[in-house]
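1. everything below, folded, please.
(2 chains)
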2 protein chains.
Amino acid sequence: MTDVKHMKWWGWGDEGVGFHWEDKPGFASFVQYAVGLDLHTAKPASPPKLGDLTIPKSVATAAFLKTLAGVVGADDVRTDDLERVVHVYGKSFRDLARIRANVVKRYPDVVVYPDDEAEVQKIVDAAIAADAVLIPFGGGSNIAGSLEPRESEKRAIVSLDLGRLNKVLDIDDAAQTARIQAGALGPDLEAQLQAKGYTIGHFPDSFNHSTIGGWVATRSSGAQSDRFGDISQIARGMRVARPGGTLVLRSLPSTSTGPSVREMILGSEGRLGVITEVTAQVRRVAEVREVQAYFFPNFATGLKAIQEISESDAHPSITRISDGRETGFSLATSKERHGLDKFLAGTVLPTLMKSKGWAKQPGGLENIALSFIGFEGTKAGTKFSKAIVDKIVKKHNGMGVGTGPGVLFDQKKFDTPYLRDFLLDRGAVGDVSETAAPWSKLQGVYDNTIAAAEKAYESIGIKGWIMAHQSHSYASGACLYFTFAFVGGKDMIAEYNVVKAAIQQSFIDNGATLSHHHGVGVEHSPWMEQDISAQGVAVMKGLFASTDPKSNLNPGKILPVGGEPLGGTAAKAAPAKKAPAKTASKAPAKAAAQAAPTTKAPATR
Amino acid sequence: MTDVKHMKWWGWGDEGVGFHWEDKPGFASFVQYAVGLDLHTAKPASPPKLGDLTIPKSVATAAFLKTLAGVVGADDVRTDDLERVVHVYGKSFRDLARIRANVVKRYPDVVVYPDDEAEVQKIVDAAIAADAVLIPFGGGSNIAGSLEPRESEKRAIVSLDLGRLNKVLDIDDAAQTARIQAGALGPDLEAQLQAKGYTIGHFPDSFNHSTIGGWVATRSSGAQSDRFGDISQIARGMRVARPGGTLVLRSLPSTSTGPSVREMILGSEGRLGVITEVTAQVRRVAEVREVQAYFFPNFATGLKAIQEISESDAHPSITRISDGRETGFSLATSKERHGLDKFLAGTVLPTLMKSKGWAKQPGGLENIALSFIGFEGTKAGTKFSKAIVDKIVKKHNGMGVGTGPGVLFDQKKFDTPYLRDFLLDRGAVGDVSETAAPWSKLQGVYDNTIAAAEKAYESIGIKGWIMAHQSHSYASGACLYFTFAFVGGKDMIAEYNVVKAAIQQSFIDNGATLSHHHGVGVEHSPWMEQDISAQGVAVMKGLFASTDPKSNLNPGKILPVGGEPLGGTAAKAAPAKKAPAKTASKAPAKAAAQAAPTTKAPATR
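-> Numbers count the residues shown, from 1 in each chain, chains lettered A, B, ... in the order given. Purely as a prediction, here's the structure:
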């Protein structure tokens, strides 16, 4: 029987698991300020009951269900409505809103719960033999539309839930690698590792509800990536159930054996098969782990400091800085003290900030930026790194405020995913969009994306909110993570699409990628050609077409199948304009060498 | 006209450019000891003159040559014998020996020298239109058979020499990235970078004769990879001329846009198109650069120390340790003092080593292992790292001997590639084979590979030599680099194949990969299925087949085309036995989860 832990959260409306605004004293006034929603008067709408939804009959044939039951047992082949609804989507605003609006046309026809890799392999082969569609399901926390069935799909759709494959199989103490089953959720695998003195060192916001298989399938990145790397570096070995057999990539530190199949599985979102096992780089639990907080007069200054830290001899585990808006949000919703004034009250901080002239800068103290820098390792190593960081912070007119506010970081980390449901209950939209760009372009990406979102809000006549932070530093650049919210008008899904499309287009136009760690799914695929060029899309399409000729493996994700337009048949957030011609018109030769201006804008669907 | 620098070296027999054994006083006695060759009496054989070679007539049609001349100009379309011979192969023993033996059946039919990316694109499109075969040529230093034409090829073969694309186009100072044309040789691009205060930080042994495009195409790794990463991390953006258009991957610090096309181009050896430009992570020239030398009683102990260093807070740029044999070789051939005894003479080292009991260990002082650890960065950072390294060395009974012997490292770095020609002139075979494995398996890979090579020598009744070093440390493991040599008997190519195959098979059998940084070509492809599993090969084959349906792009490299056996039609070093069944027989369930035992041994060709 179904006993996977994540089921609880997915019984939607179960707000109790997650977000309690009453526990966050400044939250209500912040929401009022940001999007004009009065939480004290807003009556929460009840999400629909299961019986309210229009769920078409499963098209899985009795023969196919019997075959599946022969593999996993009849109890673990599920066609009931709850299972089908729980597995239809991920957890983005679009996912939740469409279920609530009862506009979902296509649900998986059957959900199966294999116990081990051998059963997964048999399900894959059975699905291919029956010409069924297979969608692997890990924690279901995806927000890019990587799980949703194509509306046009006529064949039986199998949702393959990997929740039972949740064990750390063994640990290589010398290589510090662990063989972990793909369906293991963050907390489960971390508990098993910690029991042996290790940590995974990968903590995405979705940690509580995402699996290592999902991390690999979407190229996830976690809070401590500065030190431990993205999942693309952490995942050394893999096993993938493919039609006809299991693909086995042994755990190797590095290899020079042609185009990297490992890096093809990474980010493949089920299109190359079902990931069953990952051999991950793990780390011995560190002597010291601390998150230091710093304030900068504003985001631009802090960003320069972070860049200098990333170039320095310091090796922090986390580098992050919030813009003025997100800083305000963080302080307003801290459990301890809420609101900037109250946060600062009784401390020397206001005096210090004023003495540094921060109150007199444009925007005043509203623009101050809160930064978290994490240190992890030996006492000597963290001390060495921290001394370098402190010096750089000082040089950039920032100030350290100790580890106290660091609790804000840990406290909020895994909280935000629940916020979408909470807001939706009150008619409001909240979601996130993130990217990465070279250091030279990061400030431009930030400025222009804020402007693009505000212009989008204006175009639909809605008071909207957008805030951002930088995180995940690399030698050549970093990630920018935007959170946006607004109170829905006539058609909140359409409104969301306008805002989201404006943000994504701004990423591309300003030299950033369409996603740093959330994957592509169907929501980002309209921009694939603008990101990796038409030839890049052609190569990737060729890979999918040749390895899955009948499109049985999660078809339409990342790229559409056959002649379908980019973005597939379901996504509505799409580029509203052609690829920018500005670089081409300025200096044709140079631009041709730098940009991908020959790429036509994909069809708007 | 042809003026690319590497031409000089490739006029074979031009020994003067490279290796002078008379300058290395201990070299002759070392060679006598290792492979029984007396350099004082050995008369160097003259390599064949160009006129001695049987070079079939070019099959390129006049119409096709005219088309090419229309792109690059008639002077840069070359069909003369010298150009065709220079471009037929790389620089492995097999390559040189086959030309010397005049057994080469197939030469490129035409060599073209484009001036820029636009010309490269036109050549690619013209080759596809004419159903010709295209082989990109960078520095020509490949030793895996990545350049050789298939013997069975009936179509016209174009060698596309990228030597004219040798410029650093521009530098992004904030992102510290440089746009570099693919044909730029190591010294050329480094000089252009150094003029602006930057370094590429990538120094493979082939540096003087290899290009950044070649590094990317073969997944190269350089001496300072511990700090700066392999080329797979350094190469952030790429441009690739493909049939129908240029693939453009913008320079991004990280991205989550599906299977990585960037990581497909990496290691693609021309099979996905012609790399024309790379945006590389560069670094500001460091305040401190030093290579410290250490001695350990033996290789096994030193390897443990290196592993501990890689886990520590130290961040060296180079970690390397030679086994006893290579240590002997290094000391024997040092310019300053030659031979262990002479190296140690007049120093306190012998007394110190004896006081540590090294003379009494099995093998005595013959087993001592020389290690080089490189430090690069700020004064404070390198000091911090060195203090940690020194402590770990001491703990493992090693001793530091300062930066003096570090000159050995720099002195030898780019020397060895010339050794093959030198040895061949005297009837001896010398080549290298390298791999990577988890720390837990490294000692086993070393022991069993030495044993496998010695068994192979015994089987062919030849006194052979093999020595090794570890280099390139990662969190989970490291690279092992073997050098082997022997005096040829009846058929030195056949003898080479026996030894090389024994070494490669040992890598696979002991949990290592078939190559860490030399690529696959045709020489390593017979083991591809054992390395990445049958399904891995199927996925990669699908990628090539779908993106190059008529096999025009360097066909047969990495994997054969169509139904050809692994290893193609030319390679003779191939697995002599089936994949090991030992793990499967011991503990079937566990082994099935760990190994790739379903993989059948590839056909022996």
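
2. got a list of what the spatially most central residue of chain A touches?
-> Taking CA atoms, centre = their mean, the centroid of chain A lies closest to A:His518, which sits 3.5 Å from it. Taking CB atoms under 8 Å, 6 or more residues apart in numbering or on different chains, we find A:His518 in contact with A:Asn142, A:Ile143, A:Ala144, A:Thr218, A:Val432, A:Glu434, A:His524, B:Ser256. Using the backbone N, CA and C atoms, a C-beta is placed for each residue, glycine as well.

3. check A:Phe486 too.
-> By CB under 8 Å, 6+ apart, the neighbours of A:Phe486 are A:Val35, A:Ala428, A:Val429, A:Tyr457, A:Ile462, A:Lys463, A:Gly464, A:Trp465, A:Glu495, A:Val499.

4. okay, and which of these map to strands?
-> Among the contacts of A:Phe486, the ones falling in strands (DSSP state E) are A:Ala428, A:Val429, A:Gly464, A:Trp465.

5. so which residues of the stretch 301-450 of chain A form helices?
-> Secondary structure of the stretch 301-450 of chain A by DSSP state H, counting those that start in this stretch: the helices cover A:324-332, A:340-344, A:349-355, A:379-395, A:406-413, A:419-425, A:439-459.

6. mean pLDDT lowest where, among those?
-> Lowest mean pLDDT of the helices of the stretch 301-450 of chain A: helix A:406-413, a mean of 60.

7. about what we covered before: derive a PyMOL selection command for the buried subset of the contacts of A:His518.
-> In PyMOL, this line selects whichever of these come out buried by 16 or more other CB atoms under 10 Å in any protein chain shown:
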select buried, (chain A and resi 142+143+144+218+432+434+524) or (chain B and resi 256)
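
8. how about the contacts of A:His518 in CSV, adding pLDDT?
-> Below are the contacts of A:His518 laid out as CSV (pLDDT from 0 to 100):
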residue, pLDDT
A:Asn142, 94
A:Ile143, 93
A:Ala144, 96
A:Thr218, 98
A:Val432, 95
A:Glu434, 97
A:His524, 97
B:Ser256, 97
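
9. what's the local residue count around the spatially closest residue to A:Ser268 that is not a sequence neighbour?
-> In space, A:Ser268 comes closest to B:Pro259 once its chain neighbours are excluded; the distance is 5.3 Å by CB to CB, 6 or more residues apart in numbering or on different chains. B:Pro259: 27 surrounding residues under other CB atoms under 10 Å in any protein chain shown.

10. wait, B:Pro259 touches A:Glu263, no?
-> Yes - counting by CB atoms under 8 Å, B:Pro259 does reach A:Glu263; the two are 6.8 Å apart.

11. pLDDT score assigned to A:Lys590?
-> So A:Lys590 comes in at 36 (pLDDT).

12. typed the wrong thing, it's A:Tyr33
-> 90.

13. separation between it and B:Lys196?
-> 48 Å (CB to CB, to the nearest Å).

14. break down the stretch 501-605 of chain A into its helices, ranges please.
-> Using DSSP H, counting those that start in this stretch, helices in the stretch 501-605 of chain A cover A:528-547, A:582-586, A:588-594.

15. quick one: low-confidence ranges for chain A?
-> A:1-19, A:334-346, A:406-417, A:566-605 (pLDDT under 70).

16. and the residue nearest to the centre of chain A, its phi and psi?
-> phi -100, psi 0 (degrees, to the nearest 10).

17. same deal with A:Ala468?
-> Dihedral angles (degrees, to the nearest 10) for A:Ala468: phi -150, psi 160.

18. before we move on, which element is the residue lying closest to it once chain neighbours are set aside in?
-> Leaving aside its sequence neighbours, A:Ala468 sits nearest to A:Phe482 (CB to CB, 6+ apart; 4.6 Å). Using DSSP states H and E, A:Phe482 sits in strand A:477-487.

19. tabulate the helices of the stretch 301-450 of chain A (TSV), appending distance to chain B and mean neighbour count.
-> Listed next are those as TSV, based on distance: least, CB to the nearest CB, whole Å; neighbours: other CB atoms under 10 Å in any protein chain shown:
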stretch	distance to chain B	mean neighbour count
helix A:324-332	21	23
helix A:340-344	31	18
helix A:349-355	28	14
helix A:379-395	3	18
helix A:406-413	19	16
helix A:419-425	20	22
helix A:439-459	4	19
